[in-house]
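In: Sequence unavailable; structure follows:
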């Protein structure tokens, strides 16, 4: 297996993955993710000043050159312990995830070991750092992949005292209750609340509920949110509306959140009205065609010639002839 490679192209699973990677490349947002959704003591003990994102790639050629998404090095306040958090971003269920995470972890440990002076790593007190694996999943279906590594091992229950195991943290965006996300009232919770599956009307309602929290974001956090929102909405909207929605969002300042929401609501209402009008028009045209075909069938049954039927119904002669053959079968 190859070691870490620099400047390798990353294989994105989904456009949303890229959006989350950009968001969580900001260490404050990453720490906010942990503090909001991981209720364990070690999270409270993180020294924020020592939080460092590793700007390097861990590529697995055995998995079509997939690459680790986000790796952070952290330090604990109380005992000055260095540890790592490895976060993978998924829009679809990946049943190989426990094995992938293990292989990334081994690559990180291998790099640390190889970069430690030989006289230090051969000492009795040399220890590798803890790596905490995690997955952020925003797919619609339930995450059904194993969350414990041992579940990938055939017959592991017979050898449970001896097999390798770990359990990764799962951030399942669509499984968080919206009220929980409203209460958190921070950047990452707001993103989760708007990334859940919903129609345009519900999205506007949620934006309205989140408005006060969004106004309290720092300018940098608000800009991150705006970039993410523009990308997500563009993916959900017809091409004719994307430019207008991007303009509304990108011109917004934190104190103008209500105006942005109102303009988005107007734009989305217009989209729904246009879709409704189009549907009604298509229904009427379809009804007219069905009426013409019914008249043509009756005239064919009476033995009227094709040219006369064509003039009476507005159907072209070839269509009438085709209909006549169908009736004769």
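Out: Ah, there it is. All values reported here derive from a predicted model rather than from experimental measurement.

In: so where's this structure uncertain?
Out: Counting by pLDDT under 70, the chain contains low-confidence ranges at 1-17, 64, 234-242, 244-245, 250-289, 329.

In: ok, residue 42 - contacts?
Out: By Cβ atoms under 8 Å, 6 or more residues apart in numbering, the contact set of residue 42 is 76, 83. For every residue, glycine as well, the C-beta is placed using N, CA and C.

In: likewise the one 10 residues further on?
Out: When contacts are counted by Cβ under 8 Å, 6+ apart, residue 52 is found next to 27, 72-74.

In: repeat that with 10 Å
Out: 27, 71-75, 82, 84 (Cβ atoms under 10 Å, 6 or more residues apart in numbering).

In: And the helices in the stretch 201-329 of the chain, which stretches?
Out: 219-236, 239-250, 257-301, 306-313, 317-328 (DSSP state H, counting those that start in this stretch).

In: hmm, back to that, of the contacts of residue 52, keep whichever come out buried.
Out: Buried subset of those (neighbour count, 16 or more other Cβ atoms under 10 Å): 71-75, 84.

In: which pair in these spans the largest distance?
Out: 71 and 75 (14.7 Å; Cβ to Cβ).

In: Show me what the host helix or strand of residue 171 is packed against.
Out: Using DSSP states H and E, residue 171 sits within strand 169-172. Using 3 or more Cβ pairs under 10 Å, 6 or more residues apart in numbering; DSSP states H and E as the contact test, the elements touching strand 169-172 are helix 27-37, strand 82-90, strand 130-137, helix 187-195.

In: could you redo the last one with a cut-off of 7 Å?
Out: Strand 169-172 sits against strand 130-137, with contacts defined as 3 or more Cβ pairs under 7 Å, 6 or more residues apart in numbering; DSSP states H and E.

In: The strand it packs on pairs with which strands?
Out: Strand 130-137 has the following strand partners under DSSP bridges: strand 82-90 (parallel), strand 169-172 (parallel).

In: Report how many residues lie close to residue 248.
Out: 19 (other Cβ atoms under 10 Å).

In: same thing with residue 127?
Out: Residue 127, neighbours per other Cβ under 10 Å, totals 9.

In: of all the strands paired with strand 130-137, which lies closest to residue 33?
Out: Residue 33 sits nearest to strand 169-172 of all those, at 7.0 Å, using Cβ to Cβ.

In: List the buried residues for the closest one?
Out: Buried positions in strand 169-172, judged by neighbour count with 16+ other Cβ under 10 Å: 169-172.

In: ok, now stretch 58-69?
Out: Applying 16+ other Cβ under 10 Å to stretch 58-69 flags 58-60, 66-69 as buried.

In: Tell me the gap between it and the middle of its chain.
Out: The chain centre lies 19 Å from the centre of stretch 58-69; the measure is Cα atoms, centre = their mean, to the nearest Å.

In: Stretch 31-49 now?
Out: 23 Å.

In: likewise stretch 28-48?
Out: With Cα atoms, centre = their mean as the basis, stretch 28-48 stands 21 Å off its chain's centre.

In: quick one, what contacts residue 317?
Out: Residue 317 makes contacts with 306-307, 310, as judged by Cβ atoms under 7 Å, 6 or more residues apart in numbering.

In: Please repeat the previous calculation with a cut-off of 6 Å.
Out: Taking Cβ atoms under 6 Å, 6 or more residues apart in numbering, we find residue 317 in contact with 306, 310.

In: try residue 117
Out: Contacts of residue 117 (Cβ under 6 Å, 6+ apart): none.

In: Now do the nearest residue to residue 210 once chain neighbours are set aside against residue 226, distance only.
Out: Once flanking residues are discounted, residue 210 sits nearest to residue 190: 5.0 Å by Cβ to Cβ, 6 or more residues apart in numbering. From residue 190 across to residue 226, the span is 11 Å (Cβ to Cβ, to the nearest Å).

In: When the two are compared, which one has more neighbours?
Out: Between residue 190 and residue 226, residue 190 has the larger neighbour count (other Cβ under 10 Å), namely 25 against 19.
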